[in-house]
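Q: got a structure for you, letters missing:
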């Protein structure tokens, strides 16, 4: 039977000391199921640390993913920055795979004034090279380009789904808060359902069997995302979203990115489990 698991974006704020190992233990203590390793400011784990993370996660049954650094841009205008982005994503994938993570989420880039079609082609080509190097190094995990929250960023739902339909070894990270912020829409049961229908239409029915979802509240303006909010302090209709995921028998991972990630991850998990009764 299809099921979702719930966890935090990074080390829970109630963890002490604030280490990855203690964060994994804390996630388990809270009754959550997974954690996304936040490499967003840099890949901070060394290989020996990653081995220890993998051992603990396996021992307690914790599912892991990772989020690559924010400063990637596969549409950079300078060749040096393009190659640096490739190297950073490859390093994130390498360390994440040693940790036992199943996927690496990343933001693919910015338009920088370029036409969206040209941006898409460039990003696709540079990502294909990273995937080729991953194969050479036997790095076995999924790369997950994320739906972005700002109109200046590459990463509309359509772009992400098209990219994943064309690149082997990729699958989408559907960030519902970003979708809401980017469009000002996508905040009701029918709209959430339409997103899942679009995913199925582009990537096939099995695409809902291994989803990777980000959920949080969000503050946004005319240019999109400003900052993440706690769910109950935002307008995001998270109860409707959880119900859609349940009704569509979606399975996979739900990562909460709110400022109080463990509180809201538990709120989402409790609401989801209540629908099964």
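A: Nice, thanks for sending it over. Just so you know, these numbers come straight off a predicted model, no measurement behind them.

Q: got a list of what residue 130 touches?
A: 86, 89-90, 93, 143 (Cβ atoms under 8 Å, 6 or more residues apart in numbering). Glycine gets a C-beta too; all of them are placed from N, C-alpha and C.

Q: tell me which of those fall in strands.
A: Counting by DSSP state E, these place residue 143 in strands.

Q: ok, which pair from the contacts of residue 130 is furthest apart?
A: 86 and 143 (11.8 Å; Cβ to Cβ).

Q: between the two, which is the more surrounded one?
A: Comparing residue 86 with residue 143 by other Cβ atoms under 10 Å, the one with more neighbours is residue 143, at 25 against 17.

Q: which residue, other than its chain neighbours, is closest to that one?
A: In space, and not counting its chain neighbours, residue 143 is closest to residue 170: 4.9 Å by Cβ to Cβ, 6 or more residues apart in numbering.

Q: quick one, helices of this protein?
A: 20-29, 47-60, 79-99, 116-136, 157-166, 176-183, 189-203, 238-247, 261-274 (DSSP state H).

Q: quick one, the last one and helix 238-247 angle?
A: Direction vectors for helix 261-274 and helix 238-247, defined by axes from the mean of the first three to the mean of the last three Cα atoms, to 10 degrees, enclose an angle of 50 degrees.

Q: counting contacts, what elements does helix 261-274 pack onto?
A: Packing contacts for helix 261-274, counted by 3 or more Cβ pairs under 8 Å, 6 or more residues apart in numbering; DSSP states H and E, involve strand 4-9, helix 238-247, strand 252-256.

Q: most packed of these?
A: Compared across the helices and strands packed on helix 261-274, strand 252-256 shows the largest average neighbour count, a mean of 25 (mean count of other Cβ atoms under 10 Å).

Q: now the residue lying closest to residue 62 once chain neighbours are set aside: how far from residue 141?
A: Spatial nearest neighbour of residue 62, excluding adjacent residues (Cβ to Cβ, 6+ apart): residue 24 at 5.3 Å. Counting by Cβ to Cβ, to the nearest Å, the separation of residue 24 from residue 141 is 18 Å.

Q: of those two, who's got more company?
A: residue 24 (25 against 20).

Q: doesn't residue 60 make contact with the more buried one?
A: Yes - applying Cβ atoms under 8 Å, one finds residue 24 in contact with residue 60, separated by 7.2 Å.

Q: make TSV out of the helices of the chain and add distance to residue 218.
A: Formatted as TSV, those follow (distance: least, Cβ to Cβ, whole Å):
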stretch	distance to residue 218
helix 20-29	23
helix 47-60	29
helix 79-99	24
helix 116-136	23
helix 157-166	16
helix 176-183	4
helix 189-203	15
helix 238-247	11
helix 261-274	12
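
Q: residue 222: which of the ones you listed is closest?
A: helix 176-183 (10.6 Å).

Q: got the angle between that closest one and helix 157-166?
A: Using the same axes, to 10 degrees: helix 176-183 against helix 157-166 is 130 degrees.
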